[in-house]
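1. Okay, predicted coordinates and the sequence, questions at the end:
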Protein chains: 2
Amino acid sequence: MSRKLLLVSTSTTHGTGYLEHCEEEIKNLFEGISTVLFIPFARPGGISHTAYTEKAKEAFARIGIGLKGINEFKDPVAAVQQAEGMFIGGGNTFLLLKQLYTQQLIKPIQERVAKGMPYMGTSAGTNVAGRSIGTTNDMPIVFPKTFDALQLVPFNLNPHYQDPEPNSTHMGETRQTRIQEFHVHNTQPVIGLREGSMLQIRGDKMQLLGPHSTRVFLQGQKPQEFKHTDDINFLLDAV
Amino acid sequence: MSRKLLLVSTSTTHGTGYLEHCEEEIKNLFEGISTVLFIPFARPGGISHTAYTEKAKEAFARIGIGLKGINEFKDPVAAVQQAEGMFIGGGNTFLLLKQLYTQQLIKPIQERVAKGMPYMGTSAGTNVAGRSIGTTNDMPIVFPKTFDALQLVPFNLNPHYQDPEPNSTHMGETRQTRIQEFHVHNTQPVIGLREGSMLQIRGDKMQLLGPHSTRVFLQGQKPQEFKHTDDINFLLDAV
């Protein structure tokens, strides 16, 4: 399989600008590509597709890559079929997935990625690259027809992964508890990606990038920590 | 309408035991009732229906009220139809709502509440009392056939409501941002219930109980704070 993916936990880390912390990895992913197709459906903070596309365009211009929003095309399916590369931005995962189904883009995206079109996701755009959106942190503000996602990888992702705060007085479930509840009903591995972390996937090889280790949850097992030097390719073989 | 509801943000506040902080309000709600029907479907931490029912039974015994889990009945619908009072416990809201639909309990619960059967919810049990589960904090670990909930009140709830932390370096959306995203697509008011807060509803009167004020989000308006002495009955008239 010739897939080329960059799955980023968050578009913005504390103290850096939009997409700043992953500039090198973006350049690397989209090397030789002049224009990337942007999917603004997740609408962070409820902003419009146009406003969101402008924001992404500015960041990509800084890196020296052109970007066009799918909202600028008359035929979104054709836009995907002809895309050289794709970036799905963060926001609300339910809204994003629902739009991908409504506009019948799931299959076209899967086909392009299988043929080697580079794909980048941040946050919600990383969530939808997984098996399902069952480990999103977002509120279910709209009802998609299924939680099944793009399934570009055979595991689930939890972006913005947070460790339990030792001095917290908050009684709501920790992220780890929520993921363990997920595993009572679902079998696929879940990768908790801390802010600043990224997964770089080339075919059947996967590497963790960024300053943190990553927390991996396998059904029925204790959570495990993997560093960027560890071999995590086995997660691409999950069934 | 003769409804009697107690909608509690969290079963357990920091430093107190299970249901301890709302004992007086529970006694008040279930006055004159010998046995309450418990719905354990939300399975916090993935525990079994039996284990969860045991936990609730112990807490209610301490208060001097009997409790029986719906899992102890052969016919769940009949159990609801004959219930003197009902308590739906917290856990995962998606799992809870899915089970309520699968076991065809939505309508029977609505009918009993309309006829005056006292209803208590904590956390997920408070979420499902609202118009939809669109403002839950939980992960979508199972797929319910709709997000429409019991609609015992005409607004949505956000239990475990958290204010933005001023010194946080986390870049994930704040609770307030998530609720504002909800209002791009939904019209109903949302009540953010801080841990320790409760809503007590008797017919068309509603009162905030507990040590905190509550944050109310109306579509297209700035969030508002209401104290326990403020009149919040207008929220029961939302359409």
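-> Right, received. Where do you want to start?
2. hmm, who's touching whichever strand or helix holds A:Leu208?
-> For A:Leu208, the enclosing helix or strand under DSSP states H and E is strand A:205-209. The contact list for strand A:205-209, computed with C-beta atoms under 8 Å, 6 or more residues apart in numbering or on different chains, reads A:25, A:197-201, A:214, A:226-228, A:230, A:232-233, A:235-236. Quick note: C-beta positions are derived from backbone N, CA and C, even for glycine.
3. Keep only those of the residues you listed that are in helices.
-> Counting by DSSP state H, the contacts of strand A:205-209 place A:Glu25 in helices.
4. Among the contacts of strand A:205-209, name the buried ones.
-> A:25, A:197-201, A:214, A:232, A:235-236 (16 or more other C-beta atoms under 10 Å in any protein chain shown).
5. Out of these, name the ones that lie in strands.
-> The members of those that map onto strands under DSSP state E are A:198-201, A:214.
6. Now for the residues you listed: which two are most distant?
-> For these, the maximum inter-member distance is 13.4 Å, found between A:Ile201 and A:Thr214 (C-beta to C-beta).
7. how about A:Gly134, what does it touch?
-> A:147, A:156, A:182, A:186, B:139-142.
8. I meant to write A:Gln221 there.
-> Taking C-beta under 8 Å, 6+ apart, one finds nothing in contact with A:Gln221.
9. Please give me every residue in contact with A:Thr10.
-> If you count contacts by C-beta under 8 Å, 6+ apart, then A:Thr10 has A:90, A:122-123, A:159-160, A:195-196, B:171-172 around it.
10. if I read this right, A:Val239 contacts A:Phe155, doesn't it?
-> No. A:Val239 lies out of contact with A:Phe155 (C-beta atoms under 8 Å); the separation is 10.4 Å.
11. which one of those two has more residues nearby?
-> A:Phe155 (23 against 5; other C-beta atoms under 10 Å in any protein chain shown).
12. A:Phe155 versus the most centrally placed residue in chain A, what's the distance?
-> Central residue of chain A (C-alpha atoms, centre = their mean): A:Thr126, 0.7 Å from the mean position. Distance, A:Thr126 to A:Phe155, by C-beta to C-beta, to the nearest Å: 12 Å.
13. picking up where we left off before, name the member of the contacts of A:Thr10 with the most neighbours.
-> Neighbour-wise, the contacts of A:Thr10 (other C-beta under 10 Å) top out at A:Ser123, 33 neighbours.
14. Phi and psi next, for that residue.
-> phi 50, psi -110 (degrees, to the nearest 10).
15. quick one, helices of chain A?
-> Going by DSSP H, chain A shows helices at A:23-29, A:49-63, A:76-81, A:93-102, A:106-114, A:124-127, A:175-185.
16. what residues are shared contacts of A:Thr126 and A:Phe155?
-> In contact with both A:Thr126 and A:Phe155: no residue, using C-beta under 8 Å, 6+ apart.
17. Around A:Ala78, how many other residues sit close by?
-> 11.
18. So for A:Leu157, what's the pLDDT?
-> If you check A:Leu157, the pLDDT there is 98.
19. Just give the closest residue to it, not the sequence neighbours.
-> Distances taken as C-beta to C-beta, 6 or more residues apart in numbering or on different chains put A:Gly130 closest to A:Leu157, at 4.6 Å, once the chain neighbours are dropped.
20. and the gap between that neighbour and A:Gln188?
-> Distance from A:Gly130 to A:Gln188, by C-beta to C-beta: 8 Å.
21. before we move on, back to that, kindly reformat the helices of chain A as a markdown table and extend each row with mean pLDDT and distance to chain B.
-> Shown next, in a markdown table, are those (pLDDT from 0 to 100; distance: least, C-beta to the nearest C-beta, whole Å):
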| stretch | mean pLDDT | distance to chain B |
| --- | --- | --- |
| helix A:23-29 | 98 | 17 |
| helix A:49-63 | 97 | 12 |
| helix A:76-81 | 98 | 20 |
| helix A:93-102 | 98 | 7 |
| helix A:106-114 | 98 | 16 |
| helix A:124-127 | 98 | 10 |
| helix A:175-185 | 96 | 4 |
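22. number of nearby residues for A:Thr229?
-> Counted with other C-beta under 10 Å, A:Thr229 comes out at 8.
23. Now do the contacts for it.
-> A:Thr229 neighbours (C-beta under 8 Å, 6+ apart): none.
24. ok, now A:Tyr119?
-> A:3-6, A:85-88, A:109, A:113, A:129, A:152.
25. Flag whichever of these scores worst on pLDDT.
-> Where pLDDT dips furthest among those: A:Arg3, at 95.
26. shouldn't that residue be in contact with A:Leu236?
-> No. The criterion here is C-beta under 8 Å, and A:Arg3 misses it with A:Leu236 at 9.5 Å.
27. Mind listing the shared neighbours of the two?
-> Joint contacts of A:Arg3 and A:Leu236 (C-beta under 8 Å, 6+ apart) are A:Ile201.
28. For the nearest residue to A:Ser11 once chain neighbours are set aside, which residues count as its bridge partners?
-> Nearest residue to A:Ser11, sequence neighbours excluded (C-beta to C-beta, 6+ apart): A:Thr122, at 4.1 Å. Under DSSP bridges, the beta-bridge partners of A:Thr122 are A:Val8.
29. and A:Thr122, how far is that from chain B?
-> 11 Å (C-beta to the nearest C-beta, to the nearest Å).
30. tell me, how many neighbours does A:Pro164 end up with?
-> 11.
31. Could you check how far the closest residue to it other than its chain neighbours is from chain B?
-> With C-beta to C-beta, 6+ apart as the criterion, A:Pro164 has its nearest non-adjacent residue at 4.4 Å, and that residue is A:Thr174. A:Thr174 sits 10 Å away from chain B, going by C-beta to the nearest C-beta.
32. same deal with A:Ser132?
-> From A:Ser132 to chain B the distance is 8 Å (C-beta to the nearest C-beta).
33. Then A:Met120?
-> 17 Å.
34. That residue against A:Phe87, yeah?
-> Yes. Using C-beta under 8 Å, A:Met120 is in contact with A:Phe87, at 4.6 Å.
35. anything in contact with each of the two?
-> With C-beta under 8 Å, 6+ apart as the test, A:Met120 and A:Phe87 both reach A:Val36.
36. picking that back up, can you count the residues close to the residue lying closest to the residue nearest to the centre of chain A once chain neighbours are set aside?
-> In space, A:Thr126 comes closest to A:Leu7 once its chain neighbours are excluded; the distance is 4.4 Å by C-beta to C-beta, 6+ apart. A:Leu7: 27 surrounding residues under other C-beta under 10 Å.
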